[in-house]
Every structure is written in structure tokens, then in C-alpha cells.
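> make a model of this:
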Amino acid sequence: MENILLVLNVIIAVILVLLILLQKSEGGALGIGVSQDNFMFSRSAGDFFTKATAVVATLFIICSLCLTIVSRGELKPTESVIDIIEENSSDTPEIPEN
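Got it, this is the predicted structure:
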């Protein structure tokens, strides 16, 4: 189950990156990219990419949370490092002063 979620999470991450890169830049970027050719893409295409990005980002977050919950069940309770050092120090023999 964990492997399936991990592969799904990687695939969703790649799709999310591609969707973000395909979106039209909203900022002016110092006037770069402002031309008559940009009217080829309508506002509805921008809305589609925006909605698709929001949906894929939500799926990515949900998948990441599920992956964390599934993998957390396999964790073993551990002891503190300080407790381990104290246990080891009481077992060692002491050196006589003379």
C-alpha cells in the first residue's frame, strides 16, 4: 500500500509541476511577453489550468497525508538517547583511583 501511494504521489507531483509550467504568466515580467500573439489563448484556458492545478495540488496534499499516515503505523517506539547512555554508563566498571 505504501509503495502504491508513493508512486501515485510522484506521478501527481510531476503532473503538478507540468501544469504549473504550462500556465500563462500573470505578471508583466517587465513587459516581456505582452504582444498580440497572447490573445490566442483565451481566459477560459487560463481558468482551466488554474482549476486543474488546484485539483491536482489538493490530490497531492491528500496523497502525501495518506502516505504519512500509512508509513507512521510501521514506526517502532524508540528510547531516548540519554536513557541509552545512562544504561551503558552504569554497566561500565569504575577505574580505581590508586
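> contacts and neighbour counts: CA atoms only from here.
OK.
> same for whatever helix or strand A52 lives in, what does it pack against?
Assigned by DSSP states H and E, A52 belongs to helix 43-72. In this structure, helix 43-72 packs against helix 2-22, with contacts taken as 3 or more Cα pairs under 8 Å, 6 or more residues apart in numbering; DSSP states H and E.
> what is the helix it packs on packed up against?
On a contact count with 3+ Cα pairs under 8 Å, 6+ apart, helix 2-22 meets helix 43-72.
> list the buried residues for the helix holding A52?
The neighbour-count check on helix 43-72 (16 or more other Cα atoms under 10 Å) flags 46, 49, 53, 56-57, 59-60, 63-64, 66-67 as buried.
> quick check, nearest of those residues to I12?
Proximity of the buried residues of helix 43-72 to I12, judged by Cα to Cα, is greatest for F60, which lies at 6.0 Å.
> distance of that closest one relative to L6?
Separation of F60 from L6 (Cα to Cα, to the nearest Å) stands at 11 Å.
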